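Engineer: Quick one: sequence and predicted model below, then my questions.
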Amino acid sequence: TILAVRRAFIDAGVPADLWAIVTGDGAVIGNAVNDVSDYLSFTGSTATGTRVGIRAATALRGASLELGGKNPMIMLDDVDPVKAARSAVYACYSSMGQMCVAIERIYVQRTVAEAFSAEFVARTKALVQGAAFDNSTDVGSLTLPSQLENTQAHVKDAVAKGATVLAGGRARPDLGPFFYEPTVLTGVTEDMECFANETFGPVVAITVVDSVEEAVLTTNDSEFGLNAAVFSGSRRRARKVAETIDAGSVNINEGYRATFSSVTSPMGGMKKSGLGRRNGP
C-alpha cells in the first residue's frame, strides 16, 4: 500500500526524489535508516520502538515513536446501548484489531452493561468474515503466523484461568491460514495474559464497573497510554471524564477515528505507548 500511495503522488506531480522508500527486514533496513537520518519517525511495538529510540539517542538524534497500546473504552450509564455497541464493534475489529489505536478493553457501567453487552455480542457474531477483496465481508485475516499464535495464546490462557467466551474464540483455517474469529471475553482478571498485554488481534474484554471513578482508575492502571474512548449521552460529561484519562488521544462517542484521522489534531502516546506527536500544530 505504501508503494501504491507513493506512485499515486508521483503520478499527481510530486518529484520522485522527494519520497524514497526502502523495503526489507526491519532489523536491517530500520537500523540502516536510523543511522543516516537527522530525525526518525517510527510506528510499531513498544519493544522494537525502545530499541529504535535508544539507537537514535546514542547519536543524539531525535525520534518520534508511536508504539503499542492496550486501548480502553468507557461506557457511561447514559449511553444508547445499541448505538454505542455499533461504534464499539467497529473500533475493536477494524483491520482485525491490528491497529495501534484499536480498542481491546471495554469498561461499562452496570446499569447499561446487560443491554450493551448483548448488543455488542450480537453484532460481533453477525460480522461476515472472509478473504474477498470487496464489500462482501466485514473482517478479514490476521497478517502473520506470530499474530495468530499470540491471539490463540491469549484466549487459551484466559479461558484456562476462568474467563468466559461470549463470541468467537477459535481459528478459522477453513477461511485461510491466519483467520481467527472476532472474540469477546468477560471475566478477564489481572493474572491473564490479555489483561494488560497488547493482543493486537480481534480479542476484546468487557468488564462491568459500578462507578465512573472505578472505570477511570482501571483504565489508567496500565503501562500504556495511546488511545482511549468515552461514550456518554452528554458530551460535557464525557469531556470531564476524558480529561482524567492518561492517553495521548481520547475520543468522545467514537472509538478512534475522531483523533486518528484528524490531521489537525496532535496524535501520539504516553507512558510506554511512545514519544512525540504527529500531525497538529
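Structural biologist: Ah, there it is. Numbering: from 1, shown residues only.

Engineer: chain center to stretch 1-10, what's the gap?
Structural biologist: What separates the centre of stretch 1-10 from the centre of its chain is 25 Å, taken as Cα atoms, centre = their mean, to the nearest Å.

Engineer: Just the buried positions in that stretch, please.
Structural biologist: R6 (16 or more other Cβ atoms under 10 Å). Where C-beta positions appear, they are placed from N, C-alpha and C, glycine not excepted.

Engineer: Show residues contacting it.
Structural biologist: Stretch 1-10 is contacted by residues A16, W19, I21, T23 when judged by Cβ atoms under 8 Å, 6 or more residues apart in numbering.

Engineer: So which of the residues you listed wins on neighbours?
Structural biologist: W19 (13 neighbours; other Cβ atoms under 10 Å).

Engineer: what secondary structure does the nearest residue to it once chain neighbours are set aside sit in?
Structural biologist: Closest residue to W19 apart from its sequence neighbours, by Cβ to Cβ, 6 or more residues apart in numbering: R6 at 5.4 Å. Following DSSP: H, G, I helix; E, B strand; the rest coil, R6 is assigned to helix.

Engineer: Could you check the pLDDT of R6?
Structural biologist: With respect to pLDDT, R6 scores 97.

Engineer: ok, it to V14 distance?
Structural biologist: Distance of R6 to V14, computed by Cβ to Cβ, to the nearest Å: 9 Å.

Engineer: So for the lowest-mean-pLDDT helix or strand in the chain, what gets flagged as buried?
Structural biologist: Using mean pLDDT, DSSP states H and E, helix 257-260 stands out as the lowest-scoring helix or strand of the chain, at a mean of 84. For helix 257-260, burial by neighbour count (16+ other Cβ under 10 Å) applies to T259, F260.

Engineer: mind listing what the next helix or strand after that helix pairs with, with the direction of each?
Structural biologist: The first helix or strand that comes after helix 257-260 along the chain, using DSSP states H and E, is strand 270-271. According to DSSP bridges, strand 270-271 has the following sheet partners: strand 224-225 (antiparallel).

Engineer: Let me see the residues that make contact with the helix or strand where D35 lies.
Structural biologist: D35 belongs to helix 31-36 when assigned by DSSP H and E. Residues outside helix 31-36 that contact it (Cβ under 8 Å, 6+ apart): V22, L40, V52, R55, A56, A59.

Engineer: cool, and stretch 160-173?
Structural biologist: 117, 121, 124-125, 129, 148, 152, 155, 159, 179-189, 191-192, 202-203, 205-206.

Engineer: Out of the residues you listed, which sit inside strands?
Structural biologist: Per DSSP state E, strands hold the following members of these: T183, V184, L185, T186, V203, A205, I206.

Engineer: Most neighbours of all those residues, which one?
Structural biologist: For those, neighbours were counted by other Cβ under 10 Å; the highest total belongs to V203, with 29 neighbours.

Engineer: so what's that residue bridging to?
Structural biologist: What pairs with V203, by the bridge criterion (DSSP bridges), is T183.

Engineer: now the one 4 residues further on
Structural biologist: Beta-bridge partners for T207, by DSSP bridges, are Y107.

Engineer: residue contacts, it?
Structural biologist: R105, I106, Y107, V108, T186, V188, T218.

Engineer: do the same with N227
Structural biologist: So N227 contacts 69, 71, 100-101, 103, 247-251, 256, 259-260 (Cβ under 8 Å, 6+ apart).

Engineer: No further queries at this time; thank you.
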